[in-house]
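Colleague: coords please:
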Amino acid sequence: MKRTRVVLPWILLSSLLAGGCTLVPERAALDRAWFLLEVPEASVSDGEPVRVELASVRIAPELAGKGLVYRPAAYRYESDFYNEWFLNPREHVEQVLRERWTRASAPVNLVADAAVEPGALRLDVLVTALHGDLQMEGPGVARAGLRVFVQDSGGTQLWNLEQSEPMANRAPVALVSALSVSMAALLEDLERHLREAKEREHGRDS
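Modeller: Below you'll find the predicted structure:
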């Protein structure tokens with residue numbers, strides 16, 4: 001009889017689990033969502049476009065995962081498991097750049113090899129910011145940043161560029177919307193820097 005009293009509770013628990021019952025309260029399932037940046041096309045070029053070779057695009061390790069990233073404190077980044085980029089963020093930024101700069105009317109046009117294209121610039125790009133910054137009162141700020149290594153016949157330059165846009169709230173949709181705005185402004189700033197670099201290069205050659 002003693003053995004029967006010990007074994008029965010385990011048999012009862014096993015039958016409950018096998019029948020789909022659980023002793024843990026059920027929680028509502030969370031829906032996952034995927035996002036893409038919505039960056040408008042570059043403005044039509046007034047003159048001859050700047051020719052560039054996009055040699056590489058890399059991304060800071062804290063931003064490399066597919067989840068949307070928030071920064072609640074200095075040196076601390078958190079990834080959103082349920083809300084992700086549709087593409088790997090490094091590949092996504094590279095795709096945005098290449099699609100933007102392959103249009104004939106764009107202020108920047110891609111070339112295969114800057115070394116054989118007179119006046120062309122070689123770019124190596126590091127994505128340094130693509131996140132929601134929550135280190136302030138209110139909903140926060142979306143930050144997009146690039147560190148751009150530029151090589152021309154005169155040497156190498158380093159540009160640290162960043163743009164920010166206030167978030168309407170802390171929802172994923174609001175973050176992506178604000179990141180799209182800040183990324184659009186960031187690329188316009190980059191294109192302005194490239195035009196100025198081309199003008200300096202032209203001045204050295206004349």
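
Colleague: contacts and neighbour counts: CA atoms only from here.
Modeller: Fine.

Colleague: and R122, what are its bridge partners?
Modeller: E53, Q151 (DSSP bridges).

Colleague: export stretch 138-151 as PDB, just CAs?
Modeller: Backbone C-alpha positions of stretch 138-151 (Å, rounded to 0.1, in the frame of the first residue of the first chain) are rendered in PDB as follows:
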ATOM      1  CA  GLY A 138       9.700  60.900 -23.400                       C
ATOM      2  CA  PRO A 139       9.300  58.200 -26.100                       C
ATOM      3  CA  GLY A 140      12.900  58.400 -27.300                       C
ATOM      4  CA  VAL A 141      14.900  59.200 -30.400                       C
ATOM      5  CA  ALA A 142      15.700  57.100 -33.500                       C
ATOM      6  CA  ARG A 143      19.300  57.300 -34.500                       C
ATOM      7  CA  ALA A 144      20.900  56.400 -37.800                       C
ATOM      8  CA  GLY A 145      24.700  56.700 -38.100                       C
ATOM      9  CA  LEU A 146      27.500  55.900 -40.600                       C
ATOM     10  CA  ARG A 147      31.300  55.900 -40.300                       C
ATOM     11  CA  VAL A 148      32.500  56.400 -43.900                       C
ATOM     12  CA  PHE A 149      36.100  55.800 -45.000                       C
ATOM     13  CA  VAL A 150      36.600  57.600 -48.300                       C
ATOM     14  CA  GLN A 151      39.600  57.100 -50.600                       C
END
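
Colleague: For it, buried residues please.
Modeller: 139-151 (16 or more other CA atoms under 10 Å).

Colleague: same check, this time on stretch 95-106
Modeller: Neighbour-count burial for stretch 95-106 [16+ other CA under 10 Å]: V96, L97, R100, W101, S105, A106.

Colleague: need the contact list for the third one.
Modeller: With contacts taken as CA atoms under 8 Å, 6 or more residues apart in numbering, R100 has the following neighbours: E41, A42, A106.

Colleague: The last one contacts D46, doesn't it?
Modeller: Meaning A106. No - counting by CA atoms under 8 Å, A106 stays clear of D46, with 9.2 Å between them.
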